[in-house]
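# Could you look at this predicted model? Sequence included:
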Amino acid sequence: MRQIRPPLFLISVLLAGSTLGHAQGLGTIAGVAKDASGAVLPGVAVEVASPALIEKSRMAVTNESGRYAIVSLPPGIYSVTFTLPGFSTTRRDGIEMLANFTAQVNAEMKVGGLTETVEVTAESPLVDVQSSAVARAVTKDIIKEIPTGGTMYQLAAMMVGVAISGGAAVVDVGGASGSPVQSQLSAHGGAVGDEVQMIDGLKVGNMMSNSGRTNQTLSPLLFEQIDVQISGHAGDAPSIGVQSNLIPRTGGNDFHGTFLLNGSSGGLQSNNLTSRLKALGLTDTTRLKRLYDVNGGFGGPIAKDKLWFFSTGRYQTNTSYIAGLYFPSDPKSWIRAEDKGRQAFDDQFLWDFTTRLTAAITPKMRLNGFIQVQHKWWPHWTITAATSPEAVGRVDWPGRLYQVSWTWTATDRLLFEAGTNYGDSSDTILPRPGEINGLGAPVRIVEQGGTFNGVAIAPITYGPFGLSTYETPMHQYGSRASMSYVTGSHNFKVGMDLQRGFRTRISEHFSNDIQYRTQNFVLNQVTVYAPAGTYRTDLNYNLGVFLQDRWRIGRLAVSPGVRFEFQKESNKAYTAGPTKYAPARTLSFPGADVVRWKEINPRFGVSYDLFGNGKTALKASAARGVEQEGINSADRLHPAVALATNTARNVNELTYPVGDPRRLNNVPDCDLFDPAANGECGPWLTAGFGGTMPIAQQDPRTLSGWGVRPWNWEFSTGFQHELTPRISAGMTYYRRINGGFLVTDNIANTAADFKEFTVTVPTDSRLPTSGQKLTVFDINPTLASGQPFNATTNVRKFASDYGHQYQHWDGFDVTSNFRLARMTMQGGTTFGKTMTDNCEIVRQVPEVLVNALTLANTPEEFCHNETGWQPQFKVIGAYDIPWQDLRFSTNFQSLPGPGLQAGVIYSSADVTPALGRGISGGGNKTVNVFDATTLFGDRLYQLDLRFSKIFKVREGSTIDANFDIYNSLNSDAALSETTTYAGINGGAWRRPTAVIQGRIFKFGMRWDF
């Protein structure tokens, strides 16, 4: 107990007496009041008012330097009023407040009476001269007017510098991709796992991996704004990755709502199966089957000025045919043949309900509540062109999220806030009803690809659904609390945020506990499995405590900060019982603490108002962050995961002589329970299968103490400038340095146990290394210790134990923003490149380049990599045509293509001349013959268009009739390609496995009332 007291003590101190709060990511209005001579005016009463404030207005008083600041303002349109006895009242209207933005509003007050009001007309500020943060605002107008699929990821990825991960599925055309749950955002070389998602400043997520993403898919009608911060993070930021804060709509004193309906179908889509794709072996492309979204939102007062609500409801479905994938004509046949009349499809369904409540408990105290209830199901979970439809399962996500936050403006200088939430992100993965699943069904087969009967075949997995079924209860809890003391010159903030939760993995049953691997439909490997059973991992706490200040000295704003991190993960007691292929396994493990990390992360930023007029800012920042994780380590090191729950063994179907019925019968003719080589089967490739020794361990030094987590520093410097009152531009340089790397070392062997040899790359002009010799490794059949080659005791250690490892990213953003009378437009370009180097490591730990279990290799020559400059270009805009109430809007992106690879398959006979023997364990060896930073696939050019006719129903009520054209250029860009190079001329290598969907015409209607 003594070890957990420091974090708990800090929590109790911070929460005591409700002493904390400042709504993370909301806006600030700040400035200075002067008289006509330029002298500063202390004691000026400053009032900001907006319909967005349930308390109607907020007050501040200028300090001795004439400065004021009013923080934690939700997005909306504000007026600012300055009053001081002996001077005329000064008011400025129409200030648009964005989240994570400081609007500088100054006043020059004239001598006169308080009853005399001077109204100042000026545009809303475009440049934040007081903050070093780099943030992009996805406003409600952008959400309404710009053509997108409507998910939070797609909306955020429109912003310059932001990239969306998750493979080909994330390249969306008009919503056809649905709402992929594995997407995450990154920027400027940051890890995708470092993204943080928030709702109203409270972190949300799940207990999968880094806990930075959520399975929830929120309605676009819910958002008032999405604030996307990509750099310049202060101490209150849990991570220095992309931070997305979703700010829901709040209702108001008048009833209002929105109804949204849109959809499309296969008959409204163009064919983009071009001659180029046909030449690559495609016979069809991914195409739409159906898509529609029914969405409504309504809000208003339950009690005026006291209690507001806003609710949304939604039903969405989308189905797309998968390019090049068909249902099998006979799902029980060994040699897979396709029914060309039944193209496989991916289908997703979603219903969702949300409610937000906003209550004014007192004129200075506000309470927000948020509830989301959602059910999402995916009948063909993880289907791709490389997985046959009968081989996938169905996943269900019955998501729930409940949240409450509290704000108290104690004085004009003191602000307290706190909040807490609970999320249920449980999921269930089961076989599809009616498919060929269950024990006794045909075996699951992983075909490596090649050439069969003179026809190139691509790699594909077919047969029964997966190897295990899962039920995964996941529950997570979050809270935050902070206190801000704001004087005008200073904005001091202290606070904490906390996440905890657990995940239980229930995998008692198997759909099938054996899997075959084939090449050209000839068996070459068999894998057997033993289910892990039920186990639980816990995030006991992920606590951050921070202090930060923003200090204004003349034109200079300095923002120092520091964040202290404390994290603990643990496992519950676990028992692994016997299974079919591990009949003697009866193991029990006690619960255990896994990690106890502590970190200090400094943050610093400066911003300088170059000319003193609030129109040009020079900015720089430096921030340290650590790799984000929820229960990664506890999960990876749990006995259920660390134990060997499967083992493969190579099979030689030519072992028996011609005429023997066991020859080429595609059955492993051996005793699968005997770990030694027997019959036509080699030995177990995982020697510890079914045993008591974990095959994955971790150096205790990496699991506890100060400063042991993988880290990264981000540096930025740049400028923003207001060219005219409605146009701004900027440029920023970024550099990210990663460190604290870990490496997995199999301590059962040493570097001397590996033999170096060369392979010759096939002669093919398409291969960047055509005809070259590359250096690879193979482990010796018997280790120096006398153990067999497959002896495995993997230990994750600090890479610095073996040498230096490097990873840097350098790049620039160039941006512009136009807010003209009838047109809004923003966009720009990002240029970036990455350098990685682990050459010193691989010389000490060759297994970094060799996967003994899959026999996959990376040549030693590729230990140092540098990408070229990879430019991105993005622009979004809307133009109100001055005729017939028409609007035109567009969304354009030009993105780099995927990095390519070629995995050439070398048999034992191929490498024997160079190696002097066959491959250890038999089988074949796959070598990636060029690095993924060398050759890239198709650059994506995607232009989406929307034409809108606005019908004015009555005052405050309009109907937008939308006609959208997605992928209007009908691009045929390949989003992913076959990486296996096997068979005649490489077989199906570079055959696209996913292609952007063709041009989609989509009709929609939005009624705002």
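Arrived safely, thanks for sending.
# now the strands: where do they sit in the stretch 1-150 of the chain?
Secondary structure of the stretch 1-150 of the chain by DSSP state E, counting those that start in this stretch: the strands cover 27-35, 45-49, 57-61, 67-73, 76-83, 89-97, 102-104, 107-109, 117-120, 134-139.
# same check, this time on the stretch 251-400 of the chain
Counting by DSSP E, counting those that start in this stretch, the strands of the stretch 251-400 of the chain are 256-265, 287-303, 307-328, 338-362, 365-381, 393-397, 400-409.
# Note down every partner strand of the second one and its orientation.
Partner strands for strand 287-303, per DSSP bridges, with pairing direction: strand 256-265 (antiparallel), strand 307-328 (antiparallel).
# Could you export the ones you listed as a markdown table, including mean neighbour count?
All C-beta spots, glycine's among them, are computed from the backbone N, C-alpha and C. Output for those, formatted as a markdown table (neighbours: other C-beta atoms under 10 Å):
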| stretch | mean neighbour count |
| --- | --- |
| strand 256-265 | 18 |
| strand 307-328 | 21 |
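# so which of those strands comes closest to residue 609?
strand 307-328 (36.8 Å; C-beta to C-beta).
# Which parts of the chain belong to which domain?
21-125, 136-148+150-248 (automatic domain parsing).
# what's the span of the longest one, first residue to last?
The first residue of domain 136-148+150-248 is 17 Å away from its last residue (C-alpha to C-alpha, to the nearest Å).
# which ones are touching residue 624?
Residues in contact with residue 624 (C-beta atoms under 8 Å, 6 or more residues apart in numbering) are 240, 601, 602, 603, 711, 712, 713.
# now those as a markdown table including secondary structure and pLDDT?
Shown next, in a markdown table, are the contacts of residue 624 (DSSP: H, G, I helix; E, B strand; the rest coil; pLDDT from 0 to 100):
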| residue | secondary structure | pLDDT |
| --- | --- | --- |
| 240 | coil | 95 |
| 601 | strand | 98 |
| 602 | strand | 98 |
| 603 | strand | 97 |
| 711 | strand | 97 |
| 712 | strand | 96 |
| 713 | strand | 98 |
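# Closest to residue 1003 out of those residues?
Using C-beta to C-beta, the contacts of residue 624 come closest to residue 1003 at residue 240, 42.2 Å.
# Just confirm that closest one contacts residue 716, I think it does.
No - with contact defined as C-beta atoms under 8 Å, residue 240 does not count as touching residue 716 (10.5 Å).
# so where does the closest residue to residue 593 other than its chain neighbours fall, helix or strand?
Using C-beta to C-beta, 6 or more residues apart in numbering and skipping the chain neighbours, the partner closest in space to residue 593 is residue 570 (4.8 Å). Per DSSP states H and E: residue 570 is located in strand 556-571.
# So what's the gap between that strand and the chain middle?
Its chain's C-alpha centre and that of strand 556-571 lie 21 Å apart, by C-alpha atoms, centre = their mean, to the nearest Å.
# For that strand, give the mean pLDDT please.
Mean per-residue pLDDT for strand 556-571: 96.
# So what angle separates the directions of that strand and strand 27-35?
160 degrees (axes from the mean of the first three to the mean of the last three C-alpha atoms, to 10 degrees).
# so how many other residues sit close to residue 676?
Per other C-beta atoms under 10 Å, the neighbour tally for residue 676 reads 12.
# To residue 962, which of the strands paired with strand 287-303 lies closest?
Closest among the strands paired with strand 287-303, using C-beta to C-beta: strand 256-265, at 7.0 Å.
# How about residues contacting the closest one?
174-175, 220-221, 288-300, 956, 962, 964, 1000-1009.
# In PyMOL, select just the buried ones from those residues.
To isolate the buried members of the contacts of strand 256-265 in PyMOL, using 16 or more other C-beta atoms under 10 Å:
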select buried, resi 174+175+220+221+288+289+290+291+292+293+295+296+297+298+299+962+964+1000+1001+1002+1004+1006+1007+1008
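# coming back round to it: can you lay out the strands paired with strand 287-303 as CSV showing distance to residue 379 and mean pLDDT?
Output for those, formatted as CSV (distance: least, C-beta to C-beta, whole Å; pLDDT from 0 to 100):
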stretch, distance to residue 379, mean pLDDT
strand 256-265, 19, 96
strand 307-328, 9, 92
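# mind giving me JSON lines with the ones you listed and columns for distance to residue 162?
Output for these, formatted as JSON lines (distance: least, C-beta to C-beta, whole Å):
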{"stretch": "strand 256-265", "distance to residue 162": "24"}
{"stretch": "strand 307-328", "distance to residue 162": "23"}
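# Let me know whether residue 82 touches residue 105 as I believe.
No - using C-beta under 8 Å, residue 82 is not in contact with residue 105, being 9.1 Å away.
# mind listing the helices in this protein by residue range?
5-15, 140-145, 152-156, 275-279, 632-636, 639-642, 839-844, 908-915 (DSSP state H).
# Out of the ones you listed, which one sits most buried?
helix 152-156 (a mean of 23; mean count of other C-beta atoms under 10 Å).
# Quick one: list the elements packing against that helix.
strand 134-139, strand 162-165, strand 184-187, strand 223-231, strand 243-248 (3 or more C-beta pairs under 8 Å, 6 or more residues apart in numbering; DSSP states H and E).
# so which of these gets nearest residue 388?
Nearest to residue 388 among these is strand 162-165 (25.5 Å), distances taken as C-beta to C-beta.
# Give the pairing partners of the closest one; include direction for each.
Partners of strand 162-165 in its sheet, by DSSP bridges: strand 184-187 (antiparallel).
# Off-centre distance for the partner strand?
5 Å.
# For that strand, buried residues please.
Neighbour counts over strand 184-187 (16+ other C-beta under 10 Å) mark 184, 185, 186, 187 as buried.
# ok, residues contacting it?
153, 156-157, 161-166, 192-195, 212-213, 228, 230-231, 241-242, 244.
# Give me the distance between residue 216 and residue 403.
12 Å (C-beta to C-beta, to the nearest Å).
# of the two, who's got more company?
residue 216 (25 against 21).
# Return the residues in contact with the nearest residue to that one once chain neighbours are set aside.
Nearest residue to residue 216, sequence neighbours excluded (C-beta to C-beta, 6+ apart): residue 399, at 5.1 Å. Going by C-beta under 8 Å, 6+ apart, residue 399 touches 214, 215, 216, 372, 373, 374, 375, 376, 423, 424, 425, 426.
# For residue 541, state which of those is nearest.
Distance to residue 541, by C-beta to C-beta, is smallest for residue 423 among those, at 16.2 Å.
# State the distance from the closest one to residue 500.
11 Å.
# Mutual contacts of these two, please.
In contact with both residue 423 and residue 500: 476, 477, using C-beta under 8 Å, 6+ apart.
# Same drill for those two, tell me which one is more crowded.
Between residue 423 and residue 500, counting by other C-beta under 10 Å, residue 423 is the more crowded of the two (26 against 18).
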